[in-house]
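Visitor: I'll drop the sequence and a predicted model, then ask my questions.
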Amino acid sequence: MGLIGNFYGFRGFYNHSRGKTEEALKWYQKAEEHSVTNANYQMAYGVLLLRSGQFDKAEKLFNKLLVFFPGKPKIKNNAKINLALTHWKQGQLDLAVESMTELHHQLKNSQTYGSLGYLLIETGDYEKALKFNQEALDYDDTDPVVLDNLGQTYYRMGNMEKAFEYFKKAQEEKGDQAVTLYHLGILYQKQGRTEEAKAVLDKALTCRMSALSTVTREEIEEERKKLD
């Protein structure tokens, strides 16, 4: 059964890597039905479920990975990170912060700094979020997620000058983060720089977004309409 499941998992991964999401989901599901044993295929399936908004299915899969692959640190840590993000999207923010904090104490890297940094912003404790995201900046001052997190922290604290500074840095590092471009559009608009606001919002609308995105296409479109 595992051999057939892994073959289907490979088909899913093949389509996934080529951006054929629906086809990938179909093959990954068949792989699960045929007892796939390859942890990488299962992880990829879980991430795709998470990004497509199928949070309950994703939660079950990440928990399964934690049970069956406890001796594989990379798989275990990725499952924990994605499980925390799943809990956040399920409305369990406190649980998400708790589990991500625990993992971050064990594993400090750009991924845990970026994920926990945003979750702390969501709690509304901006002083705590600012302190943590400044620590993240000391760890990696070129990571676009860390830079965007600082931009969002300052934005929510009402410091638009500092927010603009970090959103610009995030854009320079990664020019296709929809959330960064969205906030830049708002800030350009506040500065009276209408054409620049239009340009970054138009760019934001071309970016790939998923259920994990912290800004929706509708929100971007709404800001863009204000400029017409």
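Guide: Happy to help now that I have it.
Visitor: and residue 1, what pLDDT?
Guide: On pLDDT, residue 1 comes in at 53.
Visitor: now residue 71
Guide: 83.
Visitor: begin at 17, not 1, for the rest of this chat.
Guide: New numbering, starting at 17: the last item is residue 87.
Visitor: now do the SS call for it.
Guide: coil (DSSP: H, G, I helix; E, B strand; the rest coil).
Visitor: the helix or strand that residue 165 is a member of: which residues count as buried?
Guide: Using DSSP states H and E, residue 165 sits in helix 160-172. By 16 or more other Cβ atoms under 10 Å, the buried positions in helix 160-172 come out as 160, 161, 162, 163, 164, 165, 166, 167, 168, 169, 170, 171. Heads up, the C-betas are built off the backbone N, CA and C, glycines and all.
Visitor: which one of these sits closest to residue 147?
Guide: residue 169 (9.6 Å; Cβ to Cβ).
Visitor: show me what contacts that closest one?
Guide: 137, 142, 145, 146, 149 (Cβ atoms under 8 Å, 6 or more residues apart in numbering).
Visitor: out of the buried residues of helix 160-172, who's nearest residue 230?
Guide: residue 168 (8.0 Å).
Visitor: skipping adjacent residues, who's closest to the closest one in space?
Guide: residue 137 (5.6 Å; Cβ to Cβ, 6 or more residues apart in numbering).
Visitor: follow-up on the earlier one: chain center to the helix holding residue 165: distance?
Guide: Its chain's C-alpha centre and that of helix 160-172 lie 14 Å apart, by Cα atoms, centre = their mean, to the nearest Å.
Visitor: give me the next element, helix or strand, following that helix.
Guide: Following helix 160-172 in sequence, per DSSP H and E, is helix 176-189.
Visitor: what's the helix or strand that that following helix is followed by in contact with?
Guide: Counting by DSSP H and E, the next helix or strand C-terminal to helix 176-189 is helix 194-206. Contacts to helix 194-206, defined as Cβ under 8 Å, 6+ apart, come from residues 160, 164, 167-168, 171, 176, 179-180, 183-184, 186-187, 190, 210, 212-214, 216-217, 219-220, 223-225, 229-231, 235-236, 239-240, 242-243.
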